[in-house]
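Peer 1: okay, here's the prediction I keep looking at, along with the sequence it came from:
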Amino acid sequence: MVPSSTIRTALKIGGRCSSGNSTSTTGPMTVATRPSTCSAISFDSLLLQRLGAGDDLEQFLRDCGLTGPVEQQRQVVDHIARVAGGRIHRCHAGRLLGGRRIIERGLDLGLAVLGALAAGEYFGGEVKRLAEELYADVNWKWFTNPVTKHPYLACYPQQRPSKVPADITKDGMFGAWAAYSEHIFLYVLAAGAPNPDFATGADSYYAMKTFKGRYKGEEFIFCGTGAAFTYQWTHAFIDFRNIRDKLGRNWFENSRHAALAARQYAIDNADRIKGLGPNSWGMSACISPSTGYSGHYGSHPIGAGHKLLEDGTVAPYGALSFLPFTPKESTAALEHMYQIPGLVGDYGLYDAYSYATKAKGDQPWIAKSYLGIDKGLVLLMFENYSTQLIWRLLHQNTHVQNGLKRLEFVHVE
């Protein structure tokens, strides 16, 4: 086990808890937002779950600068959770919830629901009521292609962009989550939906395309982009260690094999790409010295037609969020990254670094920013490895249990 002191040092939890028009910040987690009452929905999900994560609730409150009697502090946190939940409901409901705003990605709404459910299980009371209300309003069936059974990628039900996607439907839907990626939690939520009229069946999950490959190791189902986060996001919420679907698939072991392949890919390419190695691996979507931000960072295997951006950029969260699968290797990466010049700021490790692009000798290029979805993913994976808290909270939720059952997952020893 990684000591809790190491985890807290790595994450550098602290700073102010605030939300404004330009940024939303909770300790190290910062995300740029448009001037409105809405913050990025994926960040809101992490904020809600952060309310329950950490060594204890009182420590979280102290980190946020809240002092006073414990009961008073708990009331403040309850208020924060209710406000956050309300913001998600107002701003990101869109037509998917029968509201007036645009919902651009069902994936992000799914993350918000998971965050709300976790917070609801932790706090109970009004927080749980809001979470249940949010979840019950989501029409997952409407967001699923009735022919292919794949969840749509996103939608523009109202204000459509000037360049409309070629496959857009009359309802504004386009694209598809057709092949294995970070989105598996959507199937669980859709199958477990409280409103049976809005729920999907197991056929959607089993319609997901899967492709097997390997990189000098065990064969596993891989994501075409090769990005580390695609093997991590669902595992931040769902504990697959002792459950298998009717095809016998072990998603936990699948991500472990992906982690080991990513590390080996970095080792094998260390001579070709400066900065990669046994403790500098797990390439994934992040801030980029070449393009500003890129989703083309990853490791082999990758799908046909995909091409990796290989400018030496490494996002620390890639290796660190594999902690539950590769604790020894991820801990070594953490220790190494803390020694990289300039990579550690006030809130821990910055988003990315590169020794191959825009570096100055032994001084790497550093993306001196913190992204909420990247920092937050590390926090949840560290918490699950350390205490299994997020896993336990979500697995005690009746709807999550029902979703897994409807997808025909069974417990194994």
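Peer 2: Now that the structure is in, tell me what you want to look at.
Peer 1: how far does the strand or helix carrying Lys375 sit from the chain's center?
Peer 2: Lys375 belongs to helix 372-386 when elements are defined using DSSP states H and E. Distance of helix 372-386 from the chain centroid (CA atoms, centre = their mean, to the nearest Å) equals 8 Å.
Peer 1: who does it touch, helix- and strand-wise?
Peer 2: In terms of contact count using 3 or more CB pairs under 8 Å, 6 or more residues apart in numbering; DSSP states H and E, helix 372-386 is assigned the packing partners helix 4-11, strand 29-32, helix 41-50, helix 316-320, helix 389-395. Placement of C-beta: from N, CA and C, glycine included.
Peer 1: and that helix, what's its mean pLDDT?
Peer 2: Average pLDDT, helix 372-386: 93.
Peer 1: got a pLDDT number for Ala40?
Peer 2: pLDDT for Ala40: 49.
Peer 1: so what's Leu320 closest to, chain neighbours aside?
Peer 2: Ranked by CB to CB, 6 or more residues apart in numbering and with sequence neighbours excluded, the top spatial neighbour of Leu320 is Val378, at 4.8 Å.
Peer 1: same deal with His306?
Peer 2: What sits nearest to His306 in space, not counting adjacent residues and going by CB to CB, 6+ apart, is Gly224, at 5.2 Å.
Peer 1: could you count how many residues lie near the one you found?
Peer 2: Look at Gly224: counted by other CB atoms under 10 Å, it has 19 neighbours.
Peer 1: about what we covered before: thought the residue nearest to Leu320 was touching Gly318?
Peer 2: No - judged on CB atoms under 8 Å, Val378 makes no contact with Gly318 at a distance of 9.5 Å.
Peer 1: which of the two has more residues huddled nearby?
Peer 2: Between Val378 and Gly318, counted using other CB under 10 Å, Gly318 has the larger neighbour count: 32 against 27.
Peer 1: how near is that one to Ala116?
Peer 2: In this view, Gly318 and Ala116 are 27 Å apart by CB to CB, to the nearest Å.
Peer 1: so what pLDDT did Gly125 get?
Peer 2: On the pLDDT scale, Gly125 is placed at 84.
Peer 1: how near is the residue nearest to His306 to Arg272?
Peer 2: Taking CB to CB as the measure, Gly224 falls 22 Å from Arg272.
Peer 1: which stretches in the stretch 151-300 of the chain count as helices?
Peer 2: Here the stretch 151-300 of the chain has its helices, by DSSP state H, counting those that start in this stretch, at 184-191, 202-206, 251-268.
Peer 1: most tightly surrounded among these?
Peer 2: Each of the helices of the stretch 151-300 of the chain was assessed for mean neighbour count using mean count of other CB atoms under 10 Å. The highest is helix 184-191, with a mean of 24.
Peer 1: got the angle for it vs helix 251-268?
Peer 2: For helix 184-191 against helix 251-268, the angle by axes from the mean of the first three to the mean of the last three CA atoms, to 10 degrees is 160 degrees.
Peer 1: which residues are contacting helix 184-191?
Peer 2: With CB atoms under 8 Å, 6 or more residues apart in numbering as the test, helix 184-191 has contacts from 106-107, 110-111, 113-114, 135, 138, 140-141, 144, 151, 177, 199-202, 204-205, 208, 233-234, 237-238, 251, 399-400, 402-404, 406-407.
Peer 1: list buried residues within these.
Peer 2: Neighbour-count burial (16 or more other CB atoms under 10 Å) applied to the contacts of helix 184-191 gives 106-107, 110-111, 113-114, 135, 138, 140-141, 144, 151, 177, 199-200, 202, 204-205, 208, 233-234, 237-238, 251, 399-400, 402-404, 406-407.
Peer 1: list the contacts of the nearest residue to Met337 once chain neighbours are set aside.
Peer 2: Excluding the flanking residues, the one nearest Met337 by CB to CB, 6+ apart is Pro316, at 5.1 Å. Residues counted as contacts of Pro316 (CB under 8 Å, 6+ apart) are Ala333, Leu334, Met337, Leu343, Leu349, Tyr350, Asp351, Ala352, Tyr353, Val378.
Peer 1: what about the fourth one, how many residues nearby?
Peer 2: Residues lying near Leu343 (other CB under 10 Å) number 21.
Peer 1: what separation do you get for it and Ser280?
Peer 2: Applying CB to CB, the value for Leu343 to Ser280 is 11 Å.
Peer 1: again, but for the first one
Peer 2: For Ala333, the distance to Ser280 equals 7 Å [CB to CB].
Peer 1: mutual contacts of these two, please.
Peer 2: Shared contacts of Ala333 and Ser280 (CB under 8 Å, 6+ apart): Ala319.
Peer 1: check contacts around Ala202.
Peer 2: Contact partners of Ala202, counting by CB under 8 Å, 6+ apart, are Ala191, Arg406, Leu407, Glu408.
Peer 1: ok, Phe185 to Trp142 distance?
Peer 2: Phe185 is 18 Å from Trp142, by CB to CB.
Peer 1: please apply the same query to Ala191.
Peer 2: Distance, Ala191 to Trp142, using CB to CB: 15 Å.
Peer 1: kindly report the same for Ala227.
Peer 2: Ala227 is 28 Å from Trp142, where distance means CB to CB.
Peer 1: so which of the two has more stuff around it?
Peer 2: Legend: neighbour count by other CB under 10 Å for Ala227 and Trp142, higher for Ala227 (28 against 17).
Peer 1: what about the more buried one, distance to Ser204?
Peer 2: Taken as CB to CB, the span from Ala227 to Ser204 is 23 Å.
Peer 1: over to Gly172?
Peer 2: 20 Å.
Peer 1: what do you get for Arg406?
Peer 2: Relative to Ser204, Arg406 is positioned 10 Å away (criterion: CB to CB).
Peer 1: next one: Gly348
Peer 2: In terms of CB to CB, Gly348 sits 38 Å off from Ser204.
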